[in-house]
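Undergrad: from the sequence below, what's the structure:
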Amino acid sequence: MLGLVREMVAAYAFGAGLFFVGYAIFEIPSNLLLHKVGARWWLARIMVSWGIIAAAFMFVQGPMSFYILRFLLGVAEAGFFPGIILYLTYWFPNDRRAKASHDRQSPHVGDERVVAEGDATLRKEHIRISAFDNL
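TA: Now for the predicted structure:
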């Protein structure tokens, strides 16, 4: 029983790796097609193929069919994240896009003081601990 579980875990781990291999290989071609075809159509293609391949998992009979479907799922999903980001940029006008990006990525006003005080406290603690290392 334990041997079977180990084989299943190893098969799933290898399948997860194959997913990322397919995703990595087809990420750039997917982005090029996304730019050529348009975000709306390409995202629709991704969702339909993703759903078909995900539904095909109910027909898995062994490790080889699982590996093939995991690879194909990675291929189908490649380009999804950049496509969503591109599609979201259509919702913001150019002059508001930089502000929206800045608001999400920059720390809030006043956080610098808290970080600086925490850093100073850590340095004091490190100096205090280091002073006793030579005793």
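Undergrad: now I85, what's its secondary structure?
TA: Following DSSP: H, G, I helix; E, B strand; the rest coil, I85 is assigned to helix.
Undergrad: count of residues packed around it?
TA: 10 (other Cβ atoms under 10 Å). Yep, even glycine has a C-beta here, placed from its N, CA and C like the rest.
Undergrad: equivalent analysis for N94, please.
TA: Each residue near N94 was counted by other Cβ under 10 Å, and the total is 7.
Undergrad: got any ranges where this protein has weak pLDDT?
TA: 1-4, 97-135 (pLDDT under 70).
Undergrad: change it to 50
TA: Confidence mapping of the chain against pLDDT under 50 gives the ranges 110-111, 113-116, 118-119, 122, 126, 130, 132.
Undergrad: and the longest helix for it?
TA: Counting residues, the longest helix found in the chain (DSSP state H) is helix 2-37.
Undergrad: what's that one packed up against?
TA: On a contact count with 3 or more Cβ pairs under 8 Å, 6 or more residues apart in numbering; DSSP states H and E, helix 2-37 meets helix 39-56, helix 63-77, helix 80-89.
Undergrad: buried stuff in that helix?
TA: For helix 2-37, a neighbour-count test (16 or more other Cβ atoms under 10 Å) marks A11, G15, L18, F19, G22, Y23, F26, E27, S30, N31, L33, L34 as buried.
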